Each structure stands twice: as C-alpha cells, then as structure tokens.
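Participant: Turn this into a structure:
(2 chains)
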Amino acid sequence: MQNVILFAPCLVDQLYPEMGIALVKLLRHFGFQVNFDSSITCCGQPAFNAGQINEAKSVARKVVRTLSQGVLADQQIVCPSGSCTAMIRKYYPEVFHGDRDEAAASALGSRVFELSEFLRQHNLLDKITGSCHKRVAFHNSCHSARELELRTEYRDLFAGIEGLELVDPSLEPVCCGFGGLFCQKFQGISQGMAKTRLEMCQQVGADEILSNDPGCIMHLRTAAAQQGFATPIRHTVEFLVDAMGITE
Amino acid sequence: MGSASEHSRFIGSSEVKASDETHRKRLLKVIASYDSVVVNQKASQFIDWQEARGTAAEIKRYVLDHLPELLELFEQNASNNGMQVLWAKDVADAHRIVDQIIARHGIRKVVKSKSMTSEELELNEFLEHKGIETLESDLGELIVQLNGEKPYHIVTPAMHKSKEEISEIFQRTLGCEPTTDAEELTDIARRHLRDVYITADLGISGANFLLADDGAILILENEGNARLSTACPRVHLSIAGIEKILPSINDLELFLPLLSTSGTGQQMTAYNSIIRGPRQDGEADGPEVMYLLLLDNGRSEIYRKPEVRDALSCIRCGACLNACPVYKTVGGHTYNTPYSGPIGAVITPHLKGMRDWGHLAFASSLCGACTDVCPVNIPLHHMLLTNRQEANETAPSLFWQTALKGWALAMKSRFVVDIGARAVRVVLQALGCVSPKLTAKLPQPAARSFSSWWSRHGE
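Facilitator: Numbers count the residues shown, from 1 in each chain, chains lettered A, B, ... in the order given. Predicted coordinates for the structure are as follows:
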C-alpha cells in the first residue's frame, strides 16, 4: 500500500475538519495509506502575505523539518488547498533563501501536490465515477490557477460524474476577495469582490459552488451569509466523496 | 501601514465605492467589453502573445540595465534634432522650469494632450494658479476637467461616466443642448476645442516612448488632439518620465501593437506621431520651439531598489488596472494618486513615500491577475509583497505586527493552537447567546479539529 502524507491547512484543521476527513476517505478509497503529523498546524502563509517573513519562516520551519525526517522524508504530500500548495512549492524557497533549511525547503516543494494534481499524477481521474444531477460552478482559486498553473485542469475531476453540468462563470480565475488578512484590513473591498464573484455564479444558474481552496470557501460562505446569497459552497473533495458514494 | 490620514481616507472611500452598486456594475460592464476586444486582438495580432511580452520585457530590462547611457544618447540625438532637453528632479524643479518657459515665451493660454506625468506635477492647478488658461484636449480628460475631477484611469480617464452624465457636464459647462448620442457628444467637444488649438501659445503633451537612437518622442492617440496640441501652438512642451526610453526606432514594430492591444484592444492606435523636434526650415507647420522635460520625481528611488526596479519597465497601458479585482471594486479615484491600480500600488509608495502610501501595498488580495496581463512581464503582485515588507520596516503597524508575532508563536505548538481555537469557539458562542446577529455569519472553529479527529480515526 502506497504511503501518502496529508497536509491539513490551518483552516481545514480548525474550521473545516470535514474537508480533511473527506480527503482521508477519498485517499483510502483509492488504496493509499494516509499519514498525518499533528505537530504541523499551518504553512505560514498568513504572515508571509503580511510581509512578515520572520514569522512566516518560524512557522514554515516546523513544516519543513517535520516532513523532511524519518519515514515521512520520501513520501508524497497531498494538500486540499491550491494556496497552501503554492506557498510551499513556490514561496518556501524564497522564505528560506540563504537559510540552513533552504535545501530541505526546496526539496519539499517537489513532493507537495494539490489534490487534483495528485489524482492526475496517479492516473486516478478516470476512476472518479458517480452521479449528481446539478449545475456546478467551480471557483478556481487564484493561487491554483496562477501559481500552480492549474487553469482548466479541474474539469477532469468532474468528467466521470453523470448528470453534472459544469457552468464556468469565467475562463479566467476571478478572485473571491479573501487574500488572508486583506479581508480583515479592507473589509469593504473584500466584500465587494465576493459579491461580484457570487453574482457571477448566480447568473449562470449554479446549484452549488465548489472550490479547491478552504480560504476561498470560508470567505465566500461568510460573504454569502452576510449578503444574502443562498447558493451552497463546498470543497470539491466533499462533493466527490458524496457523488462517488464513498462512506468509509 | 501608511499614515493614518491617507490610509483611513482610502478605507473610507473604498467602502463607499464598494457598496455603490451603480458604480460597481458600470465599471464591470465597461471592463468586460475591454476584456472581450483585448482577447480577440491578442489572438489575431500575435502568433504568440507570451513570446511577444517576453521579448518586450527583455528590451525594457535592457533599457534599465543601460538607463544612464541611453538617456545621454537620447539627449544628444534629441538636441541635434533641435529639441531643448531639460531635466527635473522633482515637482518643484519641474514647476520652476515650466514657470521659466511661460515667462520666456509670454504664454497666456495652454492646450494639453493627455499626460500622466503632468498629473504627477498637478500642472493644471499650477498653471491655473498662475492665471494661465489651461484646457485638456483629450475627450476623456476634457470631461473630467470640466467636472473638476482627476482622471479616473491612466488610459481612459472618464470611463466611470455615462453618456447621460457627460451630457449633463457639457450642458452645465459648455451650455450645449442635451444629447446622449456619442457622436454628437464628441462633436460638441470637438467644436469647443477647435478654437483653442489656434489660440493657445503653448501645447503640453506627454510621451509614450523616447527613442534613444533617433532622438524622437512618440505619442499614441486616437483623437488627433495630441497632433493638433503639439503642432499648432508656437511652443511645445513634452513631459516624459526618464524610464520611457526605447533603444531604437526598430523596437516600435513590437511596442506599438503591444501598447495598443493591452491599452485599448486596438490593432494600432489611430494616430501615432514620431516627433523629432520643432519646425524645421522649409516646413509649413509645427512649433517654433520644442522642449522635452525629463522627469525623475522619485523614479531614481525605484531604480536603486533591485526588488522593484523592473516596475520602471511599465509602458502605462492600464491592463493591470482593468484586470485588478480591487480596482474593479473601488475604481480609480479611491487611490487618490495619478497612478492607480496595481502599478500605482507598486510605484506610489516609492514615488511619494512609504509612510503615507504603504497601505496601497496591503490593499490587494495578491490574486496575481495584474502579473498575468502585464505586457512587459512585471511581477506586480510579488512587488506588492516586497512593498509590504518595506512598509513593515519603515512604518510598522504595531497592532498587526504584534498579532502576527503572537500567532507565529502559537502556531508552533499543537497544544496552544487547539486550546486557542477552543477558546475562540467558546467566546464566539457566548457572544452568540448575547447577540446572535453578531456571530451567526462569522466562521467559527469546529467542535473538534481535524487533528483531534485523526487521533481517533487516524491509523
């Protein structure tokens, strides 16, 4: 049985454990032995985006060291967030530039995969089959699209779901307005951006909005509640587990 | 995070604009129509857009690597062509030079074509204060000038105005009949301006490019107003940033379609003027004297900082503004700077001071749409990040810095994180009992973390 490490983003760990649980189910369904190290709590991105590199580094160092030692050191890492994946792969080398952990940080980046990348790499996209009669708008996160270059790849996740209609509100990723602390510091702008995004999904008649990023989901759910949008918003992995009928 | 006054003014203005539905919808509509023509133009005009922008980026980086030599070469060639090249270090310096030109030539009336450098200098206010009548000739600029506003966008200054609003402005300021026909509105402006070109003594323009090998300036426009403003009055003053250099006239083959495509989705702008100097012997028109003012005004500051130097590659196409979800939500005036949107947030803190303008770097979700569309590959959203680091050093926000230091300390311990999240949950639930409205719509920590679920179901 192939081993894989689950990286649980802080938002999954503390706010949305159901997303992590769904990912464990999906990975086990496909025959993986899932590992998780509970000493890791966050990738460090909130501080990095705030321009506080030292704080980001101190949190990231724990991730780098924990995942670079012992049996975990050569396992692939799967992450239910394009944003955290981008942080580790694209920005850890910058955070650790000239640091004693630089080599380990760079090596880590080549082992971490966003969920859809991981499934593609293991030729599992064809094995996603199920049924769900819904019009689904997929909210691709900016970091998935622009940092990981996953632009339209997500469509393959849904190709085997019978009855599902993907209604793309836009071919380009459209920011939900989250942006980490940005949504706290500039609430008016952030809420306005979410409104634009939610309206786009509403206009194409989506029954449900799916996303691959817990940050976007948190922000869109909060904005939807505050602004009175009724369209439910879920993580893709929760949707897949349901549509595929995976119970354990 | 910037001075309290500019920062809080920005927050206040952004909240007003973000909740103004008419404004948001109009902006989205205007930009959506820009998007559709740009997509088509990129596809039809460039075999490989990515390669084109890569080449353009290389040329502009070469310019920055050789900026002092190229500026000297340009100055020499431009002087040989009969231009008088002047250098201004800052706004006061530029004002002094303009003042001298006015005195020397007895200028009483100025006609301007679109120039963002003149916005940096607040030249209209400066000239009006001197009692010199100053009229904008670009249609968009004229509209905002007549209405007492600043340009809303670096390429399309009146993009926020509806035809009804423009008609109202023209009725009020020019005394014309109401109309919402675009051609008629343009005609009203045209009739108003014809006389101005003839009676103005000084024409002021910007410059889109400065050609080092040719000693010429380039002006791209769609209305012919720049051509008239620079040819009819007896004196012409062009004001250009020192970064506007292109090495050679041969580079225009790439940069003209690149700027037109990114700026307005056009194959080429309608009028593209290469101006080599004042009227020559035997020529029928053109100014008697031509000045070119090379403006630094903080650009050297950017040039000295390796992390943001490449922002001087900007050709001011405005594509990053149109792509930016923040710009699309708050519009141009909220920034309160000549250069708005992502490029404005990158350069303004260096041009005008991190202490007062550092907040602009934080006013971004870092979505990267700006970097995606930049025709000269400026990594704009990465520069916003480096600006944030610099802002934290020069003008730290004690609250956020302390908060994140505490956060980082907590995140290193699973125990502290779990306890902390439970505490937040308890507090939010207690608050919810007192005032459900306050907390119902906020995200809350789950009853059990994923980590705690894993401890039972993991192996």
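Participant: In the stretch 101-250 of chain B, which residue sits closest to chain A?
Facilitator: Taking Cβ to the nearest Cβ, chain A has its nearest neighbour within the stretch 101-250 of chain B at residue B:160, 15.3 Å off. Glycine gets a C-beta too; all of them are placed from N, C-alpha and C.
Participant: Compute the number of surrounding residues for that residue.
Facilitator: Residues near residue B:160, counting by other Cβ atoms under 10 Å in any protein chain shown, number 19.
Participant: what's the nearest residue to it if we skip its chain neighbours?
Facilitator: residue B:152 (4.8 Å; Cβ to Cβ, 6 or more residues apart in numbering or on different chains).
Participant: sorry, back to before: do I have it right that the residue of the stretch 101-250 of chain B closest to chain A meets residue B:23?
Facilitator: Yes: shown here, residue B:160 and residue B:23 form a contact pair, counting by Cβ atoms under 8 Å, at 7.0 Å.
Participant: any common contacting residues for those two?
Facilitator: Taking Cβ atoms under 8 Å, 6 or more residues apart in numbering or on different chains as the criterion, residue B:160 and residue B:23 both touch residue B:331.
Participant: Am I right that residue A:146 is in contact with residue B:371?
Facilitator: Yes: taking contacts as Cβ under 8 Å, residue A:146 lies within contact range of residue B:371: 7.4 Å.
Participant: out of the two, which sits in the more crowded spot?
Facilitator: Taking neighbours as other Cβ under 10 Å, residue A:146 and residue B:371 compare with residue A:146 leading, 23 against 20.
Participant: Give me the distance between the more buried one and chain B.
Facilitator: Here the criterion is Cβ to the nearest Cβ, to the nearest Å. By it, residue A:146 lies 4 Å from chain B.
Participant: Residue A:39 too?
Facilitator: 5 Å.
Participant: for that residue, phi and psi?
Facilitator: phi -80, psi -20 (degrees, to the nearest 10).
Participant: So what's the residue count around it?
Facilitator: Around residue A:39 there are 13 residues (other Cβ under 10 Å).
Participant: List the contacts of it.
Facilitator: Contacts of residue A:39 (Cβ under 8 Å, 6+ apart): A:62, A:66, B:414.
Participant: In this structure the second one contacts residue A:77, no?
Facilitator: Read it as residue A:66. No: look at residue A:66 against residue A:77 with Cβ under 8 Å: they stay out of range, at 10.9 Å.
Participant: So for the two, which sits in the more crowded spot?
Facilitator: Comparing residue A:66 with residue A:77 by other Cβ under 10 Å, the one with more neighbours is residue A:77, at 20 against 16.
Participant: Give me the three-state assignment for the residue of the stretch 101-250 of chain B closest to chain A.
Facilitator: coil (DSSP: H, G, I helix; E, B strand; the rest coil).
Participant: dump the residue contacts of it.
Facilitator: B:23, B:26-27, B:152-153, B:331-333.
Participant: In terms of secondary structure, what does the longest strand along chain A contact?
Facilitator: When chain A is parsed with DSSP state E, its longest strand is strand A:130-139. Packing partners of strand A:130-139 (3 or more Cβ pairs under 8 Å, 6 or more residues apart in numbering or on different chains; DSSP states H and E): helix A:155-158, strand A:161-166, helix A:187-203, strand A:208-211, helix A:236-243.
Participant: quick check, the very next helix or strand once past that strand touching chain B?
Facilitator: Note on strand A:130-139: by DSSP states H and E, the next helix or strand toward the C-terminus is helix A:142. Yes: applying Cβ under 8 Å from any Cβ of the partner chain, one finds helix A:142 in contact with chain B at residue A:142.
Participant: so for helix A:142, what's the average pLDDT?
Facilitator: For helix A:142, mean pLDDT is 97.
Participant: do stretch A:22-39 as well
Facilitator: Stretch A:22-39 comes out at a mean pLDDT of 97.
Participant: so how far is it off the chain centroid?
Facilitator: Centroid separation for stretch A:22-39 versus its chain: 15 Å, with Cα atoms, centre = their mean, to the nearest Å.
Participant: mind listing what's buried in that stretch?
Facilitator: A:22-27, A:29-30, A:32, A:34-38 (16 or more other Cβ atoms under 10 Å in any protein chain shown).
Participant: hey, C-alpha coordinates of that stretch in PDB?
Facilitator: Output of stretch A:22-39 as PDB, limited to C-alpha atoms (Å, rounded to 0.1, in the frame of the first residue of the first chain):
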ATOM      1  CA  ALA A  22     -13.400  13.600   3.200                       C
ATOM      2  CA  LEU A  23      -9.900  13.700   1.800                       C
ATOM      3  CA  VAL A  24      -8.800  10.800   4.000                       C
ATOM      4  CA  LYS A  25     -11.800   8.900   2.800                       C
ATOM      5  CA  LEU A  26     -11.100   9.500  -0.800                       C
ATOM      6  CA  LEU A  27      -7.400   8.600  -0.500                       C
ATOM      7  CA  ARG A  28      -8.200   5.400   1.400                       C
ATOM      8  CA  HIS A  29     -10.800   4.600  -1.200                       C
ATOM      9  CA  PHE A  30      -8.100   4.700  -3.800                       C
ATOM     10  CA  GLY A  31      -5.900   2.400  -1.700                       C
ATOM     11  CA  PHE A  32      -3.500   4.800  -0.100                       C
ATOM     12  CA  GLN A  33      -2.100   4.600   3.400                       C
ATOM     13  CA  VAL A  34      -2.700   8.100   4.800                       C
ATOM     14  CA  ASN A  35      -0.300   9.700   7.200                       C
ATOM     15  CA  PHE A  36      -0.700  12.900   9.100                       C
ATOM     16  CA  ASP A  37       1.600  14.600  11.600                       C
ATOM     17  CA  SER A  38      -0.400  16.600  14.100                       C
ATOM     18  CA  SER A  39       2.500  18.800  15.100                       C
END
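Participant: can you give me the strands in chain A?
Facilitator: A:2-6, A:32-35, A:76-79, A:112-114, A:130-139, A:161-166, A:208-211, A:233-235.
Participant: Adding distance to residue B:254, write those strands out as CSV.
Facilitator: Listed next are these as CSV, based on distance: least, Cβ to Cβ, whole Å:
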stretch, distance to residue B:254
strand A:2-6, 47
strand A:32-35, 50
strand A:76-79, 40
strand A:112-114, 36
strand A:130-139, 36
strand A:161-166, 38
strand A:208-211, 39
strand A:233-235, 44
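Participant: ok, the closest residue to residue B:222 other than its chain neighbours - contacts?
Facilitator: Nearest residue to residue B:222 in three dimensions, chain neighbours excluded: residue B:270, at 4.5 Å (Cβ to Cβ, 6+ apart). The contact partners of residue B:270, taken as Cβ under 8 Å, 6+ apart, are B:221-224.
Participant: Filter these down to the buried ones and express that as a PyMOL selection.
Facilitator: Listed next is the PyMOL selection for buried residues among the contacts of residue B:270, using 16+ other Cβ under 10 Å:
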select buried, chain B and resi 221+222+223
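Participant: and which of the contacts of residue B:270 is nearest to residue A:142?
Facilitator: residue B:222 (32.8 Å; Cβ to Cβ).
Participant: measure residue A:6 to residue A:142 for me?
Facilitator: 23 Å (Cβ to Cβ, to the nearest Å).
Participant: Of all residues in chain B, which one is nearest the centre?
Facilitator: residue B:339 (3.1 Å; Cα atoms, centre = their mean).
Participant: And chain A, by the same measure?
Facilitator: Closest residue to the average C-alpha location of chain A: residue A:81 at 1.5 Å, with Cα atoms, centre = their mean.
Participant: tally of neighbours for the closest residue to that residue other than its chain neighbours?
Facilitator: Nearest non-adjacent residue to residue A:81, counting by Cβ to Cβ, 6+ apart: residue A:9, 4.6 Å away. Close neighbours of residue A:9, defined as other Cβ under 10 Å, add up to 27.
Participant: For residue A:9, grab phi and psi.
Facilitator: phi -60, psi 150.
Participant: need the contact list for it.
Facilitator: When contacts are counted by Cβ under 8 Å, 6+ apart, residue A:9 is found next to A:42-43, A:79-81, A:83-84, A:214-215.
Participant: Burial-wise, tell me which of the helices and strands packed on strand A:130-139 comes out on top.
Facilitator: Among the helices and strands packed on strand A:130-139, ranked by average contacts under mean count of other Cβ atoms under 10 Å in any protein chain shown, first place goes to strand A:208-211 (a mean of 24).
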